[in-house]
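*Asks:* Give me coordinates for this.
(6 chains)
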4 protein chains.
Amino acid sequence: MNPKIRVILKAAAKVMAQKGFEKATMDEIAKISKVAKGTLYYYFKSKEELFLKLTLSILEELEERTKKVLELKVSAVEKLRALIKVQVEFFLEFHEEVVLILGDFFGSTLPRESFRVKINDYYRLLNQLIEEGIKANEFRKVNLEIFVPAFFGMTSFATIRGILREKGFLKDQLIENLTEIILNGLKK
Amino acid sequence: MNPKIRVILKAAAKVMAQKGFEKATMDEIAKISKVAKGTLYYYFKSKEELFLKLTLSILEELEERTKKVLELKVSAVEKLRALIKVQVEFFLEFHEEVVLILGDFFGSTLPRESFRVKINDYYRLLNQLIEEGIKANEFRKVNLEIFVPAFFGMTSFATIRGILREKGFLKDQLIENLTEIILNGLKK
Amino acid sequence: MNPKIRVILKAAAKVMAQKGFEKATMDEIAKISKVAKGTLYYYFKSKEELFLKLTLSILEELEERTKKVLELKVSAVEKLRALIKVQVEFFLEFHEEVVLILGDFFGSTLPRESFRVKINDYYRLLNQLIEEGIKANEFRKVNLEIFVPAFFGMTSFATIRGILREKGFLKDQLIENLTEIILNGLKK
Amino acid sequence: MNPKIRVILKAAAKVMAQKGFEKATMDEIAKISKVAKGTLYYYFKSKEELFLKLTLSILEELEERTKKVLELKVSAVEKLRALIKVQVEFFLEFHEEVVLILGDFFGSTLPRESFRVKINDYYRLLNQLIEEGIKANEFRKVNLEIFVPAFFGMTSFATIRGILREKGFLKDQLIENLTEIILNGLKK
DNA sequence: TATGAATGAGGTTTCATTCAT
DNA sequence: TATGAATGAAACCTCATTCAT
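*Replies:* Predicted coordinates for the structure are as follows:
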């Protein structure tokens, strides 16, 4: 990727993550990128597109990490545990960007098509993992259309909540608890 | 509540839910409310405050319904099932408003204090229900700080995802599946 | 004067002196007066008129004090000294109001007729005093059209400057110096 | 100075001098400048700053002219006479701007720091001239803290009064009379 | 006589986008 | 390829004034 583009995306991530899409200004992004404002428009045709590209680049990172989990040679249960770890760590690492993306995901009603596609790609990966476990007789047969988003919402909310509360955030404990809940449920 | 305030809040809900907080304009809210723009500022000192009051009024509605569930004279498992039903139905009914609120919750980094307080109030109610079940020996001992937001994220994501996909959304099936997952987990 | 009017004028003086005519709001004046906003319009037909009445009431106070000086049975030089004293003390006492009036006097190009009339009345009093001194052969024959505003500008600027600099403002010294300058001039 | 900035300042001077700071609108300034409203904000971050810059540019002009007087190789008395001439002429030439600035000086209670500094700079110049005359034994020893603002107030009020009355304003006579008064005082 | 809810014109400011260089 | 001066639409908000009660 053109290094100037990379610089711009990084600056955009910083500003938008901090202030949200609407409140972030092209002026500030230009300033942090150390390029002229016009340059932004040379590489991205609008603020919207800049945001989209940024979003995609982050989701791709998540996808990549997730794919690695799927390739592991372990049981489905172990993969699930690994996946939860990946997700929690990803949320921690890209906390602000993730919050930005989720915010936009909810906030905007205009369908940002390519973003939806990307998110669906990701859901498909999760789907795959669960199906694998079902086939291997490790998991019960659940409705994937329901389970997958539930799973995603669960991990993201719990992690973000943890971050927001700040006090003594214990990553390992979070991963362990989430895995336990998702595998064994609440009932005694 | 002053009926004019009610009218304005309703209009604000409509416009903001459709377009998001930033894109919603006071002009349009005024127009839909059939009051002059100045009137909005007579009752709310800023767009921000209007949004906040709207948010609170919606959360209060959810709280109220939740409280009714807590007062039922049934087992904790049954209460949980009822609660999931309440939540799913609430998300369906106030789908746009909920999406708006969640979007803001994620999107804004500025802490909107009174909102945080309200959400904490709600989490406390959930807490209460789960603790009850643990005491009654119906539920396993889970870390509530983790479980409660996980639970909320799960139901909200799954429901919203269901709505977004639109095709043949089956409410009862969703409730049933979510309850099943949350109670029994994924493991066979 | 109707006591309610007096209360309103007092409040207006306070607010306008603090914030200037434009930035003072009828809302705040009403609040401080402890009357409803509509009441202001019951007694004054506009903000402009309220300001005018206020202005006049202050100028009348100055006029009254000045007239007393003119009636003293002393030499013109002594009267001048007394007048300077009156003016300095008046500026000190009604500092904010005077600044407000002067600001408006300069700031507005729209002639506020009745205000101009009042200021002219005051200039006429000064005129009278100087003429008296000239007749009594105490003062040199100066061009009154020039001397009178010069005199007024001199005392007001020097006093306000003194107030603004704040540090150890010595009233008696100011009066003495001004009298000296005006009587004997700068030349050795 | 950037020529566009010059054009804007000129337009602002015109509009604000005519209507006062508050009543002047950015719309009108833009229109007269023949630039878009946004351009005003490209060069000045607010209406307030525009006003401030305008004020400073005018005071600088006065300062410059005054400095030239101080450099003359003549007696202090002659310098004073020259200074009065400069001031009267300046007030005549920039009559509207001066009225605007004085109006703001009185009207606004918020300290506009950089303006205060500028005015102090100017007072210092006057100080210098008077001290020179005292040293040269031409002037009596007066309290400069009092004399300088008094002097300024005198000339400005008398000149502005002259302009406001309009009828047959005689510049030379004004200068002569003021000089006479300031040098010799009122006493016979 | 007194109120205060309601108004709407009009003001300042922001900012994504364009375009000549 | 890169710039940054310039734009103008559109947003939020203020507040003097009105009027039904």
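*Asks:* and the gap between residue A:34 and residue C:23?
*Replies:* Between residue A:34 and residue C:23 the distance is 41 Å, computed by C-beta to C-beta, to the nearest Å. Just so you know, the C-beta spots here come from the backbone N, C-alpha and C atoms, and that holds for glycine as well.
*Asks:* Show me which of these two is the more surrounded one.
*Replies:* residue C:23 (15 against 11; other C-beta atoms under 10 Å in any protein chain shown).
*Asks:* is DNA strand F contacted by the worst-scoring helix or strand of chain A on mean pLDDT?
*Replies:* Taking mean pLDDT, DSSP states H and E as the measure, the helix or strand of chain A with the lowest value is helix A:95-107, at a mean of 78. No: using C-beta under 7 Å from any atom of the strand, no contact is recorded between helix A:95-107 and DNA strand F, whose separation bottoms out at 14.5 Å.
*Asks:* now that helix and helix B:95-107, what's the angle there?
*Replies:* With axes from the mean of the first three to the mean of the last three C-alpha atoms, to 10 degrees as the basis, helix A:95-107 and helix B:95-107 are set at 160 degrees to each other.
*Asks:* What lies in contact with helix A:95-107?
*Replies:* Contacts of helix A:95-107 from elsewhere in the structure, counted by C-beta atoms under 8 Å, 6 or more residues apart in numbering or on different chains, are A:13, A:16-18, A:20-21, A:51, A:54-55, A:58-59, A:90-91, A:112, A:115, A:119, A:156, A:160, A:163, B:20-21, B:99-100, B:102-109, B:160.
*Asks:* Please narrow the residues you listed to those residing in helices.
*Replies:* Counting by DSSP state H, the contacts of helix A:95-107 place A:13, A:16-18, A:20-21, A:51, A:54-55, A:58-59, A:90-91, A:115, A:119, A:156, A:160, A:163, B:20-21, B:99-100, B:102-107, B:160 in helices.
*Asks:* Going by neighbour count, which of those are buried?
*Replies:* Neighbour counting with 16 or more other C-beta atoms under 10 Å in any protein chain shown marks A:13, A:16-17, A:20-21, A:51, A:54-55, A:58-59, A:90-91, A:115, A:119, A:156, A:160, B:20-21, B:99-100, B:102-107, B:160 as buried within the ones in helices among the contacts of helix A:95-107.
*Asks:* Give me the distance between stretch A:40-49 and the centre of its chain.
*Replies:* How far stretch A:40-49 lies from its chain's middle: 23 Å, per C-alpha atoms, centre = their mean, to the nearest Å.
*Asks:* quick one, domains of chain A?
*Replies:* Annotated domains of chain A cover A:1-44, A:47-184 [automatic domain parsing].
*Asks:* Now the weakest link among the ones you listed, please, by mean pLDDT.
*Replies:* For those, mean pLDDT drops lowest on domain A:47-184, to a mean of 88.
*Asks:* can you give me how far it is from the chain middle?
*Replies:* Here the centre of domain A:47-184 is set off from its chain's centre by 6 Å, with C-alpha atoms, centre = their mean.
*Asks:* Also stretch A:177-187?
*Replies:* Its chain's C-alpha centre lies 22 Å from the corresponding centre of stretch A:177-187 when counted by C-alpha atoms, centre = their mean.
*Asks:* go on, stretch A:10-21?
*Replies:* When distances are taken as C-alpha atoms, centre = their mean, stretch A:10-21 is centred 15 Å away from the chain's centroid.
*Asks:* That stretch near DNA strand F at all?
*Replies:* No: remark: stretch A:10-21 sits outside contact range of DNA strand F, by C-beta under 7 Å from any atom of the strand, the gap being at least 12.4 Å.
*Asks:* For chain A, which segments count as strands?
*Replies:* Along chain A, no stretch is classed among the strands by DSSP state E.
*Asks:* Taking it, what residue is nearest to chain C?
*Replies:* Residue of chain A nearest chain C, by C-beta to the nearest C-beta: residue A:23 (28.8 Å).
*Asks:* Looking at the domains of chain A, spot the one closest to residue D:71.
*Replies:* Distances from residue D:71 to each of the domains of chain A were compared using C-beta to C-beta; the minimum, 45.4 Å, belongs to domain A:1-44.
*Asks:* What's the end-to-end length of the closest one?
*Replies:* The first and final residues of domain A:1-44 sit 14 Å from each other (C-alpha to C-alpha, to the nearest Å).
*Asks:* hmm, that domain in reach of chain D?
*Replies:* No: using C-beta under 8 Å from any C-beta of the partner chain, no contact is recorded between domain A:1-44 and chain D, whose separation bottoms out at 11.1 Å.
*Asks:* Any buried residues in stretch A:133-152, and which?
*Replies:* Under the neighbour-count criterion of 16+ other C-beta under 10 Å, stretch A:133-152 has A:133-134, A:138-140, A:142-152 buried.
*Asks:* any idea how far DNA strand F is from residue A:118?
*Replies:* From residue A:118 across to DNA strand F, the span is 25 Å (C-beta to the nearest atom of the strand, to the nearest Å).
*Asks:* Pull the number of nearby residues for the spatially closest residue to residue A:82 that is not a sequence neighbour.
*Replies:* The shortest distance from residue A:82 to any non-neighbouring residue, by C-beta to C-beta, 6 or more residues apart in numbering or on different chains, is to residue A:69 (4.8 Å). By other C-beta under 10 Å, 20 other residues sit near residue A:69.
*Asks:* Count the residues that sit near residue A:45.
*Replies:* Residue A:45 has 10 neighbouring residues, counting by other C-beta under 10 Å.
*Asks:* I meant residue A:188, not that one.
*Replies:* 14.
*Asks:* pretty sure it contacts residue B:140?
*Replies:* Yes: using C-beta atoms under 8 Å, residue A:188 is in contact with residue B:140, at 5.0 Å.
*Asks:* Tell me who's in contact with residue A:24.
*Replies:* For residue A:24, the contacting residues are A:12, A:15, A:16, A:18, taking C-beta under 8 Å, 6+ apart as the criterion.
*Asks:* give me that answer again for 7 Å
*Replies:* Residue A:24 makes contact with A:15, A:16, according to C-beta atoms under 7 Å, 6 or more residues apart in numbering or on different chains.
*Asks:* same question, residue A:157
*Replies:* The contact partners of residue A:157, taken as C-beta under 7 Å, 6+ apart, are B:149, B:150, B:152, B:153.
*Asks:* among those, which two are most distant?
*Replies:* When the contacts of residue A:157 are compared pair by pair using C-beta to C-beta, the two farthest from each other are B:150 and B:152, 7.4 Å apart.
*Asks:* neighbours around residue A:131, how many?
*Replies:* Residues within reach of residue A:131, counting by other C-beta under 10 Å, total 14.
*Asks:* Residue A:66 now?
*Replies:* The burial count assigned to residue A:66 is 19, neighbours taken as other C-beta under 10 Å.
*Asks:* my guess is residue A:114 contacts residue A:51, does it?
*Replies:* No: under the criterion of C-beta atoms under 7 Å, residue A:114 makes no contact with residue A:51, lying 11.3 Å away.
*Asks:* From chain B, how far out is the residue in chain A positioned nearest to DNA strand F?
*Replies:* Nearest to DNA strand F, among the residues of chain A, is residue A:38, at 2.1 Å (C-beta to the nearest atom of the strand). According to C-beta to the nearest C-beta, to the nearest Å, residue A:38 and chain B sit 25 Å apart.
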